[in-house]
Every structure is written in C-alpha cells, then in structure tokens.
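Asks: Okay, predicted coordinates and the sequence, questions at the end:
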Amino acid sequence: MQRATETYTEMGVLTLAGACSQDAGEVELVAGDAAAARAEFEWGDRFLSQIGEHSYRSTVLAMLAWARALLGERKAALAATELSEHLSAPEDVLNFTYTTRTRSALALADGDLDAAERWARTAVDNAYRSELYECRGGTKLQLSRVLAARGQAHEAAGAARAALLVYEQKGDQPRARQAWAQVQALSR
C-alpha cells in the first residue's frame, strides 16, 4: 500500500494516493494494531482534506472512527463519526456500516445496552446492503459483543459463528481466527 501511495502521488493521482490509507489501515486492524490503523487513517484524512476531497475522505473518517473506538477514544471516535456522516452521500453504505458499528461500540462502552444493540443491528442491516464480506462479518462480531454483554450467550455465539462463516467462505484466515476466538470465548 505504501508503494501504491507513492506511485499514485508520483503520477499526480492524489485522490487515490489518499484513498490507499483505507486499505493500509484495514490491514493494521486485521493485524490487531488499532493504533497503527488510527495513524494510517489520520494520515489519509489529513491528505484528503488538504486536496479538498470528500468522497474517499468520508470513508477514511468512518474507518478512523472505528479505530478510535477500539482504542477507547470516545470523544475522537464520535467526532470522526459525525464528520464522516456529514460528508457521506446517502448511498455510502460502507461509511454507514462503520459509523453505526462505532456508535454501537461507544454505547456499549457507556453501558447503554439498548442503544448498543440498536446501533449494532443497524450496522448489520447496512453491511448486508452491500457485498462487502468484511463489513458483514465485522458487524456480526459487534452484535455478538453486545448480545454477550446483555447476557444472551447463545445468541451472541450465533452471531459470532455467522461472522466466522462469512470469513471462512471468503478464505479470510486472519478474520476467521478472530471470529473463532470470539466463538470459543462465548462457549466457555
């Protein structure tokens, strides 16, 4: 991704250079390094903001919000969520998948289980309006976390298994391992 960013920059295709931060940050998230993902997304946000780009920037911001939520940065996660939603077009399903999943995680951290579940289910609905398997699995895992917090272990395990199936069907071994770990944790 670094080479792609450099090549796009050299070619003068700055929008795509900035958009590379989406994939670079996603790789860091899959590797379990939310801080490194945050850094990639922050770079992309700054870069795209400087060139006045909104479409890719709104997605980078949505992904940045998720990374910040994973790091417990509530205020920053909410700010990125709100700006992403402001910049997003109504058809930006990916963005709304990330922002609603982020809102679910923030509500869960606040102990508002009703809001956390409502946002998690909205995120799942958004994810299933697209063909993006990684979003489908990620939203199912967030729903699983919320259901587990509600004491609904059986339903939580079912959501985690659904995520596992999504990842296995696509051959995404790193995400499948993460989902399997959640299934195992819920089975204890």
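Replies: Now that the structure is in, tell me what you want to look at. In this text, all values refer to a predicted model and were calculated from it rather than measured experimentally.
Asks: Whichever strand or helix holds T102: which residues count as buried?
Replies: Under the criterion of DSSP states H and E, T102 resides in helix 93-110. By 16 or more other C-beta atoms under 10 Å, the buried positions in helix 93-110 come out as 93-108. For the C-beta atoms, the positions are set from N, CA and C on the backbone; glycine is no exception.
Asks: and what of stretch 54-64?
Replies: Within stretch 54-64, the residues that qualify as buried are Y56, R57, S58, T59, V60, L61, A62, M63, L64, counting by 16+ other C-beta under 10 Å.
Asks: What lies in contact with stretch 41-56?
Replies: Residues from elsewhere that reach stretch 41-56 (C-beta atoms under 8 Å, 6 or more residues apart in numbering): 14-15, 17-22, 24-25, 57, 60-61, 63-64, 67, 80, 87, 89, 92.
Asks: how much space between S144 and G171?
Replies: In this view, S144 and G171 are 21 Å apart by C-beta to C-beta, to the nearest Å.
Asks: Tell me which of the two has more neighbours.
Replies: Taking other C-beta atoms under 10 Å, S144 and G171 do not tie; S144 has more neighbours (27 against 8).
Asks: name the element that one belongs to?
Replies: Here S144 is assigned to helix 133-149, by DSSP H and E.
Asks: quick one: that helix to chain centroid distance?
Replies: Relative to its chain's centre, helix 133-149 lies at 11 Å (C-alpha atoms, centre = their mean, to the nearest Å).
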